[in-house]
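Engineer: Let's see this in three dimensions:
(one chain, ligands or ions: 1)
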Amino acid sequence: MAEAALDAVRKHLSEFPNAARELSVPFTVPYLEGPPTPLQFYRDWVCPNRPCIIRNALQHWPALKKWTFSYLRATVGSTEVSVAVTPDGYADAVCGDRFVMPAERRLPLGAVIDVLEGKACHPGVLYVQKQCSNLSCELPQLLLDVESHVPWASEALGKMPDAVNFWLGEEAAVTSLHKDHYENLYCVMSGEKHFLLHPPSDRPFIPYELYTPATYHMSADGSFKMVDEEAMEKIPWIPLDPLAPDLVRFPFYKQAQPLHCTVKAGEMFYLPALWFHHVRQSHGCIAVNFWYDMEYDLKYSYYQLLDSLCKTTDLARMDPL
Ligand SMILES: O=C(O)CCC(=O)C(=O)O
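Structural biologist: Have a look, this model is predicted:
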């Protein structure tokens, strides 16, 4: 009886992503040809939790024209920034039975640019990606070239961003599939970013497991080893690589239909809170993003319920019903 009830719950959960998709998930990420008003942004995108790419929203930012490697080298080349270094480009990702975090190096931004331009070598893969408002904290000189927030988004959301982050990295640097509790306005200054997306309603397809956290340590000879973070609690993370999903381990993912979009220089991507995203980039892509904390409303509570049911039934590991 209990097993039959559990199977019934699994069946409902397995039908949920497609039902939700038919009602509210677009096949492709739509474009807006200009920034929305605060009302339009809230009503048409934030409330329904829908992504879009906004063109002509950054044209007035000096950064769009100014941020070449030579300008960055001249203005902030000697400024030290925190750089994530990994052997394979995957920072904050599952590796074997560990959740592994990058080695963190303090390097002058000019040294990172030298590596990106092939003028110098550094072991591993470099990614300037510290998500603690690194633009304001580490590169405040560059704030003159951008807006400190997105005015129509701040007005719509009734708050200022929690973080303004600067991203610059090698093509091999990949951000593994995850979700955040932020309304994310992601602005590409040069190059392009490739997003693979799943709406929160795809949670039944997406496996989570608990991992012992570890950090890469880099030795003087440039080799890497993983060192366990013994004092830290286990971390729930997604073991699935959506570009090469292991369908034997996670057969349910066969039914998933990720959305793909490319955000080009001068475009701003609205990535709604709780959407799963996996991110790749062109070599040397420069981006800035704004994280606005989400509203912890009924949408959030429904997501939490979905998450608990998926964990309890371990659906992603089951064969499709
Ligand atoms: O650009 C990236 O590599 C990752 C971006 C991301 O995960 C985020 O903004 O939440």
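
Engineer: does the residue in the stretch 51-200 of the chain that the ligand sits nearest to sit in a helix or strand, and which one?
Structural biologist: Per Cβ to the nearest ligand atom, Thr175 is where the stretch 51-200 of the chain lies closest to the ligand, at 3.5 Å. Every C-beta, even on glycine, is put in place using the N, C-alpha and C of the backbone. Mapping Thr175 onto the secondary structure by DSSP states H and E places it in strand 174-178.

Engineer: could you point out which element follows that strand?
Structural biologist: On the C-terminal side of strand 174-178, the closest following helix or strand by DSSP H and E is strand 182-190.

Engineer: which bits of this structure sit near the ligand?
Structural biologist: With Cβ under 6 Å from any ligand atom as the criterion, the chain meets the ligand at residues 167, 175, 180, 184, 186, 193, 277, 279, 289.

Engineer: how does it look with 5 Å?
Structural biologist: Counting by Cβ under 5 Å from any ligand atom, the residues of the chain close to the ligand are 167, 175, 180, 279, 289.

Engineer: could you dump those residues to a markdown table with pLDDT?
Structural biologist: Rendered in a markdown table, the data for the residues of the chain next to the ligand read as follows (pLDDT from 0 to 100):
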| residue | pLDDT |
| --- | --- |
| Trp167 | 98 |
| Thr175 | 98 |
| Asp180 | 98 |
| Val279 | 98 |
| Asn289 | 98 |
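
Engineer: Just flag the most distant two among these.
Structural biologist: The span of the residues of the chain next to the ligand, defined through Cβ to Cβ, is set by Trp167 and Asp180 at 14.1 Å.

Engineer: Neighbour count: the two, which is higher?
Structural biologist: Trp167 (25 against 16; other Cβ atoms under 10 Å).

Engineer: correct me, but that one touches Val128?
Structural biologist: Yes. Judged on Cβ atoms under 8 Å, Trp167 makes contact with Val128 at a distance of 6.6 Å.
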